[in-house]
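J.: Pasted the sequence and its predicted model underneath.
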Amino acid sequence: MDSGTLALLICGIYLAISLAMGIVPGLKVSKSIPGFVAGDRSMNALVLYFVLGASIFSSFAFLGGPGWAYSRGAAAFYILAYGTLGMVPLYFLGPRARRLGERFGFVTQAELLSHRFESRALSVALAVVSVAAFIPYLTLQMKGAGYILSTISGGRVSVAVGAAVPYLVVVIYVLISGVLGVGWTNTFQGILMMALAWFLGLYLPWKLHGGVGAMFEAIAASPQAAMLNAPGLDAAGAPWHWWGFTSAVLVSAVGFSVWPHFFMKSFAARSDRALKLTVVLYPSFQLFLVPILLIGFSAVLAYPGITPAGTILPHLLTQVELSPILVGLVCAGTLAASMSSGDAILHAAASIGVCDGIARVVPGLDDRRQRLLIRVGIVLVAVIAYYFAVVSTLDIVSLLLVAYGGIAQIFPIVFAAFYWPRATRAGALAGLLGGMGANIFFLLWPGWKPVPVHEGVFGLLVNIALLVTVSLLTPPSAPERVEPYIEA
Amino acid sequence: MNHPAPSPVSRRLVLFPARDSSATRRRKGLLVGLVLLAALCLGWPVYPWFGGIYPLILGLPLSFVWAIFWLLVVFLGLVWLYCSEGGSEGGSEGREEPRGE
């Protein structure tokens, strides 16, 4: 058996295990919306830890992380920085959301916000933003999976087939098990990718340079030394500026905890302590970025000039002499990174689109019909994302950038829901829509920016200004409505 | 410590639920302060002072170690807050026995 076939075989075994682990828990969960969307609120700290960790570490971390370190040096530390800051709000917001979810039966972020602000329009607006953000995100995961399988098979498996097979597995277990399928497979996938990242991150610098220290000394002594000075290089290879680095860290950190698929896992937690423990332990997942970045740095001097930079990991796998079993495991790990984000996104996109979007516009949908619609939605979202991944030539990365800045605009509304009793429906809607508008405006016309910071900063400023002014100008919400949120 | 109940609807931010003891409030405040400090240190204006290559620490450039250092500091801060809140499984924030009062 040649090495490519052996590696593919290992990926096949991995896919079979993922499928089995995804289906089994679904046989126990109740046939209801809380069962399918929030796992009957039964997740313990271990499963929750891997769900949150693995759904954030996507194929972006596995392919894009080394790519950033390889091409932009210290700029990649921004990923470490925003993760450090971004998880903390969930320590405070998560348990409050969880208790309210238990009391009022919420399973999504928009349900909570539209209840607090008594606004169906807010729910629908959030559903539209979420689904619009999820599709490009899922498309990138599929592309990652297709790319890795096509590379290790030497092109015998096309990108189209490489993206289709893993995502067929994902669609099957998400359809059968809902969020619990995501939970147990992410536990398995998370352990696999952590182990491989640490191994490769230490092995490759040793193999190519004789050690991590020797590697950085060699880069520091080379013409590329400047990339190691924070804030690293920009996309064009010139030194990045602190405006850009700092604002990117802040906007990403603000948006981090309110990504709808991430926030809604609060409702799946068994208890406040389980949820808090997950947040507390989260930095151990974050530390796994250290070896990921080392992989990218190991190629700076050894394999210069690889483009696009995001392909540096698969490139290393084909260039460095590694046992085919190991190559297979690394590919399985990369698939795990892609699928463990893809499944959570797919599940969240369909649940949110149906519960917060369609069900709020079409009255009288019962629980059974909603579950059916969510399942149809899962297939539909998967097909649309697959179309963009394989057929369409639309620039999906720019779509994702719009989405990222948009998601950060949810944070002020979530914060106000819990901490500012005076916030009103009109204020929340004005803030959200104004913030998104400003974000999109500066993304499309960057020449209008007064200072060269991330467009999300302008979005947040407009958002907060509108939220505060419009709320103060409109009559307050009823105290009985606000009180449970403030005292949650 | 009497926190005014939001009646009828307060115009101010209400950062702590009424049941939080003053010790709980102090601990949460300390952690938030630490995180804000980390935010300042992980970008302009503090990071530029620690953003160089040398000294290499454990083989890693200073700019890299600085980011990892703050990750660990925030981690320890969260561990401290979590442990100090104690409480049984399912116990919610602030519902633990009031301390230091």
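T.: Everything's here; your move.

J.: Okay, now the unreliable bits of chain A?
T.: Filtered on pLDDT under 70, chain A yields the residue ranges A:1, A:29-30, A:55, A:59-60, A:394-403.

J.: what about the longest helix in it?
T.: Using DSSP state H, we find that the single longest helix of chain A is helix A:120-152.

J.: buried set for the helix or strand following that one?
T.: Toward the C-terminus, helix A:120-152 is succeeded by helix A:159-177 as the next helix or strand (DSSP states H and E). Using 16 or more other Cβ atoms under 10 Å in any protein chain shown as the test for burial, helix A:159-177 gives A:159, A:162-167, A:169-171, A:173-177. (C-beta placed from N, C-alpha, C; glycine too.)

J.: now do stretch A:12-21
T.: A:Tyr14, A:Leu15, A:Ser18, A:Leu19, A:Met21.

J.: for those, which one is nearest chain B?
T.: A:Met21 (25.6 Å; Cβ to the nearest Cβ).

J.: ok, now which ones touch that closest one?
T.: A:Tyr173, A:Trp184, A:Thr185, A:Phe188 (Cβ atoms under 8 Å, 6 or more residues apart in numbering or on different chains).

J.: Could you tell me which of these belong to helices?
T.: A:Tyr173, A:Trp184, A:Thr185, A:Phe188.

J.: Could I get those residues in JSON lines, plus columns for distance to chain B?
T.: As requested, those are exported to JSON lines (distance: Cβ to the nearest Cβ, whole Å):
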{"residue": "A:Tyr173", "distance to chain B": "29"}
{"residue": "A:Trp184", "distance to chain B": "21"}
{"residue": "A:Thr185", "distance to chain B": "25"}
{"residue": "A:Phe188", "distance to chain B": "25"}
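
J.: Mind checking which of those residues are buried?
T.: If we count by 16+ other Cβ under 10 Å, the ones in helices among the contacts of A:Met21 have these buried: A:Tyr173, A:Trp184, A:Thr185, A:Phe188.

J.: ok, the second one - contacts?
T.: Applying Cβ under 8 Å, 6+ apart, one finds that A:Trp184 lies in contact with A:Met21, A:Gly22, A:Val24, A:Pro25, A:Val47.

J.: The first one too?
T.: A:Tyr173 is in contact with A:Ser18, A:Leu19, A:Met21, A:Gly22, A:Ile23, A:Gly26, A:Gly181, A:Thr185, A:Asp343, counting by Cβ under 8 Å, 6+ apart.

J.: ok, the nearest residue to it once chain neighbours are set aside - contacts?
T.: In this structure, A:Tyr173 finds its nearest non-sequential neighbour in A:Gly22, 2.6 Å apart by Cβ to Cβ, 6 or more residues apart in numbering or on different chains. Counting by Cβ under 8 Å, 6+ apart, A:Gly22 touches A:Val169, A:Val170, A:Ile172, A:Tyr173, A:Val174, A:Ile176, A:Ser177, A:Gly181, A:Val182, A:Trp184, A:Thr185, A:Asp343.

J.: contacts for stretch A:128-137?
T.: So stretch A:128-137 is contacted by A:58, A:110, A:260-261, A:341, A:345-346, A:348-349, A:352-353, A:356-357, A:381, A:384-385, A:388, A:396-397, A:399-400, A:403-404, A:406-407, A:410, A:436 (Cβ under 8 Å, 6+ apart).
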